[in-house]
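sequence first, then the predicted structure:
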Amino acid sequence: MKHHLAQLVSTALATLQEAGTLDALGADVIKIDRSRDRAHGDFACNVALTLAKSAGRKPRQLAEQIVAALPPSALVVKVDIAGPGFINFYLAPSAYHQLIGAILQTGQQYGRSDVGQGQAVQVEFVSANPTGPLHVGHGRGAAYGATVADLLAAVGYRVHREYYVNDAGRQMDILAASVWLRYLDLCGETLPFPRNGYKGDYVWDIAATLHREQGDALRFEAERVVADLPPDETAGGDKEQHIDALIARARELLGDERYRQVFDLGLNTILADIRQDLHEFGVDYEQWYSERSLNESGAVERAIERLKQAGRMYQRDGAWWFRTTDFGDEKDRVVIRDNGQQTYFASDIAYHADKLERGFDRVIDVWGADHHGYVPRVKAALQALGEDPGRLEVLLVQFAILYRGGEKAQMSTRSGEFVTLRELRHEVGNDAARFFYVMRKCEQHLDFDLDLAKSQSSDNPVYYVQYAHARVCSVMKQLAEKGLQHDQDRGNRHLDRLHEQHELDLMIALSRYPEVVETAAVAHEPHQLAQYLRELANGFHTYYNAHQFLVDDHDLRDARLNLIVATRQVLHNGLTLLGVSAPESM
RNA sequence: GCGCCCGUAGCUCAAGCGGACAGAGCAUCGGCCUUCUAAGCCGAGGGUUGCAGGUUCGAGUCCUGCCGGGCGCGCCA
């Protein structure tokens, strides 16, 4: 529709140019917008305002000339000029009537498009360390990332969803040590648990599995385990030094192979749990990418070597530094520590280089906003490697702040005091959780009131939208109970019977859907779709209350049923994109 | 101190690329169920968009400076 109107204006401008009343101008200046206010028609064009200056005349005068030159259109009943010089278009109801038929015909395809033109986009999201179950903070990244990915797929991108598994590195060693200590406890050894260890119940569960499978095979006397360790923080020492020494002790006593068994049991158990958790949440991936595999394949070394060859690396204080300041970072970053170990950044350089090498046209990372300081250095790495950093887009998701009983609830994986995503899903349901998480812009803090979310009250807008869907289903059930049939063709032939204001409003809302999907996808703003669905549901509920659908008049009844079935279809399509179910009854 | 994000109704948030009188929900007050689900609808009140400048025909939106809040600033991940 916008395109059609832009064509009309374009033709008018060309006519004026030929007549010599207007200078030549770029073709992209014509912008057609939906009018917010019904009093301003259906669509508006501001071209007269933008061209007034260069044309050297008053906006309203120019608008009049343009309007006079507009070719006629069957879809436009009226054009007028308003305000400072807006050209307002009033559409014929028939313009919307064709839409109903189109929605019914295209069904689940309605709203999908190919603006992405098959470009390959990788979306990496969640990627939480597999050191414990996902908590509600990860849930937001999961819902947001999944919805952005689904939206992009809906508008014609080839989407590759990926979870980067941090299965190497110190945090995993801390987990392994934590599991082993709990295991020793189950064996009957008595020893203190480190301040920095993972204290959640799941660690006990993994330890129990270990004990069941291995018996006492990994058991060592408590005295040998703690012998000569630097003191923990609780004993006036440094908790980091203490845990590192404990990890080293575990390696030493268990040996590589048995240590790896403990490590892998922890990793695999938690990863399987995360995968299952996300799957139940409607979040699935094309690929789970192992950080360890980057080390094993030599990809990290190769990336570092490339940086060295590019002259971006230097040694200082025994460590290797990457001169990220060459690319605008605030300070240089260590890639290889003085003890010879790579930093996390080293794998990340290799990982991002690998992403681009895999041929994605665009790469999107969804990160927690607390990682924002990391963006410049990753972009610097890509630039130093000769890649275009513009291909990487980092979307930062602000924290979801939990409130319980009106007070902030603290979250910490280590202390074990946190609300898991699974708990949340079980308490408020997947639908409410998915919808709630994406209702706000990602850069906006999310106040997640657990009590409210758990209360199952109608405050939660997801019910409002789902209810609209269920209501249409209910009407159709009533129809069947009355022994009546819905004749879609008859309805299509009599769409001109739909001339009530409520009906026009609803049709206008339906016509907006493809635009909303496209904008939400391109801008990575799922909340626009959530917002839209609420408005659409409101349009339906209003219509429902104002008019009877199951009337005796066949023609009118079928036309109205066509409209509400089309509405149901759009509600269904939109909810599905958000990962929310569209129930037939509630 | 430096960097990123945020500041809109009592509360939680919207406002497509800068567009016309800034919109919803919750809460408050008042109406609507013998008729398709009242998990709904209709109406009312509620605003100097943190402050001060600037750019523009036009600014919640862009620029500058303040004020307030969150986050980050490790040879952690």
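Alright, I've got the coordinates. A quick note: this is a predicted structure, and the numbers were derived from the prediction, not measured.

rest of the way, CA atoms for contacts and neighbours
OK.

which residues of the stretch 351-500 of chain A score low on pLDDT?
The model of the stretch 351-500 of chain A has pLDDT under 70 over residues A:404-418, A:451-459.

show me the helices in it, by range?
Counting by DSSP state H, counting those that start in this stretch, one finds helices in the stretch 351-500 of chain A at the ranges A:375-384, A:421-428, A:430-437, A:450-454, A:461-481, A:488-493.

so which of the ones you listed comes closest to A:G200?
helix A:421-428 (14.3 Å; CA to CA).

tell me the contacts of the spatially closest residue to A:L495 that is not a sequence neighbour?
Spatial nearest neighbour of A:L495, excluding adjacent residues (CA to CA, 6 or more residues apart in numbering): A:A559 at 5.2 Å. By CA atoms under 8 Å, 6 or more residues apart in numbering, the contact set of A:A559 is A:488, A:490-495, A:497-498.

state the distance from A:A559 to A:G101.
Applying CA to CA, to the nearest Å, the value for A:A559 to A:G101 is 10 Å.

touching both of those two, which residues are there?
With CA under 8 Å, 6+ apart, A:A559 and A:G101 have common neighbours A:N492.

need the contact partners of stretch A:296-308.
Taking CA under 8 Å, 6+ apart as the rule, stretch A:296-308 contacts A:294-295, A:313-314, A:322, A:346-347, A:349-351, A:353, A:384-385.

can that stretch be said to contact RNA strand B?
No - Stretch A:296-308 is not in contact with RNA strand B by CA under 7 Å from any atom of the strand; minimum separation 13.6 Å.

reformat the helices of the stretch 351-500 of chain A as TSV; add distance to A:E240 and mean neighbour count.
Putting the helices of the stretch 351-500 of chain A into TSV (distance: least, CA to CA, whole Å; neighbours: other CA atoms under 10 Å) gives the following:
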stretch	distance to A:E240	mean neighbour count
helix A:375-384	26	21
helix A:421-428	28	18
helix A:430-437	35	22
helix A:450-454	34	17
helix A:461-481	45	19
helix A:488-493	70	17
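
need the residues of the stretch 251-400 of chain A near RNA strand B, please.
Neighbours of RNA strand B within the stretch 251-400 of chain A, by CA under 7 Å from any atom of the strand: A:316-319, A:333-334, A:337-339, A:342-345, A:369-374, A:398.

quick revisit: which element is the residue nearest to A:L495 on?
helix A:554-577 (DSSP states H and E).

then that helix to PDB, C-alphas only?
Provided in PDB are the C-alpha atoms of helix A:554-577 (Å, rounded to 0.1, in the frame of the first residue of the first chain):
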ATOM      1  CA  HIS A 554     -25.600 -15.000   5.900                       C
ATOM      2  CA  ASP A 555     -23.700 -12.500   3.900                       C
ATOM      3  CA  LEU A 556     -22.800 -10.200   6.800                       C
ATOM      4  CA  ARG A 557     -22.100 -13.200   9.100                       C
ATOM      5  CA  ASP A 558     -19.600 -14.800   6.700                       C
ATOM      6  CA  ALA A 559     -18.000 -11.500   6.000                       C
ATOM      7  CA  ARG A 560     -17.500 -10.900   9.800                       C
ATOM      8  CA  LEU A 561     -16.300 -14.400  10.300                       C
ATOM      9  CA  ASN A 562     -13.700 -13.800   7.600                       C
ATOM     10  CA  LEU A 563     -12.500 -10.800   9.400                       C
ATOM     11  CA  ILE A 564     -12.200 -12.400  12.800                       C
ATOM     12  CA  VAL A 565     -10.600 -15.600  11.400                       C
ATOM     13  CA  ALA A 566      -8.100 -13.300   9.600                       C
ATOM     14  CA  THR A 567      -7.500 -11.700  13.000                       C
ATOM     15  CA  ARG A 568      -7.000 -15.000  14.600                       C
ATOM     16  CA  GLN A 569      -4.500 -15.900  11.900                       C
ATOM     17  CA  VAL A 570      -2.400 -12.800  12.600                       C
ATOM     18  CA  LEU A 571      -2.600 -13.300  16.300                       C
ATOM     19  CA  HIS A 572      -1.400 -16.800  15.800                       C
ATOM     20  CA  ASN A 573       1.400 -15.800  13.500                       C
ATOM     21  CA  GLY A 574       2.600 -13.100  15.800                       C
ATOM     22  CA  LEU A 575       2.400 -15.100  19.000                       C
ATOM     23  CA  THR A 576       4.300 -17.900  17.300                       C
ATOM     24  CA  LEU A 577       7.100 -15.500  16.300                       C
END
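
my read is A:V121 is in a strand, agree?
Yes - assignment of A:V121 by DSSP: H, G, I helix; E, B strand; the rest coil places it within a strand.

so of the contacts of stretch A:296-308, which two are at opposite extremes in space?
It's A:L294 and A:Y314 that sit farthest apart of the contacts of stretch A:296-308, by CA to CA, at 22.6 Å.

so the two - more neighbours on which side?
A:L294 (19 against 15; other CA atoms under 10 Å).

give me the phi and psi angles of A:H524.
phi 60, psi 50 (degrees, to the nearest 10).

would you confirm that A:G132 contacts A:T269?
No - the pair A:G132 / A:T269 is not scored as a contact, 9.4 Å apart, by CA atoms under 8 Å.

between those two, which is the more surrounded one?
A:G132 (25 against 17).

roughly how far does that one sit from A:H371?
19 Å.

excluding chain neighbours, what is closest to A:L267?
Using CA to CA, 6+ apart, the nearest residue to A:L267 is A:P130, at 6.2 Å.

residue contacts, the one you found?
Here A:P130 is in contact with A:165-167, A:172, A:267, A:270-271, A:274 (CA under 8 Å, 6+ apart).

among those, which are in strands?
Secondary structure from DSSP state E places A:V165 of those in strands.

rebuild the contacts of A:P130 as TSV, extending it with neighbour count and pLDDT.
Formatted as TSV, these follow (neighbours: other CA atoms under 10 Å; pLDDT from 0 to 100):
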residue	neighbour count	pLDDT
A:V165	19	95
A:N166	21	93
A:D167	22	93
A:M172	19	93
A:L267	25	96
A:I270	21	96
A:L271	22	96
A:I274	19	96
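
which of the contacts of A:P130 sits closest to RNA strand B?
Among those, A:N166 lies closest to RNA strand B (CA to the nearest atom of the strand), at 5.8 Å.

next, the distance between the ends of stretch A:209-229.
Across stretch A:209-229, first to last residue, CA to CA, it's 27 Å.

what residues does it touch?
Here stretch A:209-229 has contacts from A:183-184, A:186-187, A:189-191, A:242, A:245-246, A:249-250, A:253-254, A:258, A:262, A:265, using CA under 8 Å, 6+ apart.

burial count for A:T209?
With other CA under 10 Å as criterion, A:T209 counts 16.

distance of it relative to A:L184?
Counting by CA to CA, the gap from A:T209 to A:L184 is 12 Å.

could you do A:A12 as well?
83 Å.

so for the two, which sits in the more crowded spot?
Using other CA under 10 Å, the more surrounded residue of A:A12 and A:L184 is A:L184, with 23 against 19.

that one in helix, strand or coil?
helix.

let me see the contact set for it.
Per CA under 8 Å, 6+ apart, neighbours of A:L184: A:190, A:219-220, A:222.
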